[in-house]
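Enquirer: What follows is a predicted structure for the sequence shown.
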Amino acid sequence: MKTNKTIDPQTAAYNIEVRKAYFKILKQAKALIATMVQHELRCALVQADRSKPIFMNKVHEFVSPIIYLCLICPVDTYCIHFGFEIGVSSDSDHTELTSRFMRILYKLTSQEHTSVNIEDCVSTYNVITECTELFDYMEERGKSAHTLEVIPYKQPLKRKLRKVA
């Protein structure tokens, strides 16, 4: 027997706003990753977008060696899970990139940047801090729901300094 569960308009508006914010965050996260010179750091595993989420379903997932981002539907409302690689040595320190990612994440989900208050959509319940290990595990396991995406390199823009009188 099928049961059609309807979502109230307020929840639907909330989910639409969370989804828009998630994809804006994803776009800017990819732009950050594109500035990485190392090819391996610009690879990502992406789970296809599912437009009709069900209970505890990942709507979209992005896994890279530096950044993790996931749009999930735990019950009725969308939630954004995130993660970032913690640099432990000077060779793998990506502090500037990950701190910019965190600022983008919270800025684009703040009440000032959305038509509906979605500030509580960012979940800190399970923050991923070892993205490289997760990426390697998923790549070795050959997760079929994910596809490999290589983000093309884009040299970071340098601002021109004006001469001061």
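Expert: On my side now, so go ahead. Residues are numbered from 1 along each chain as shown.

Enquirer: use CA for all of it now, contacts and neighbours both
Expert: Noted.

Enquirer: Now L105: closest residue in space that isn't a chain neighbour?
Expert: I25 (6.0 Å; Cα to Cα, 6 or more residues apart in numbering).

Enquirer: buried stuff in the helix or strand where that neighbour lies?
Expert: Assigned by DSSP states H and E, I25 belongs to helix 9-34. Within helix 9-34, the residues that count as buried by 16 or more other Cα atoms under 10 Å are 14-15, 17-19, 21-22, 25-26, 29-34.

Enquirer: ok so, going back, now do the same for the residue nearest to L105: its pLDDT.
Expert: Predicted confidence (pLDDT) at I25: the value is 98.

Enquirer: quick one, what contacts it?
Expert: I25 is in contact with I104, L105, L108, counting by Cα atoms under 8 Å, 6 or more residues apart in numbering.

Enquirer: Of those, just say which sits nearest to P74.
Expert: L105 (19.4 Å; Cα to Cα).

Enquirer: Burial check on that closest one, number of neighbours?
Expert: 22 (other Cα atoms under 10 Å).
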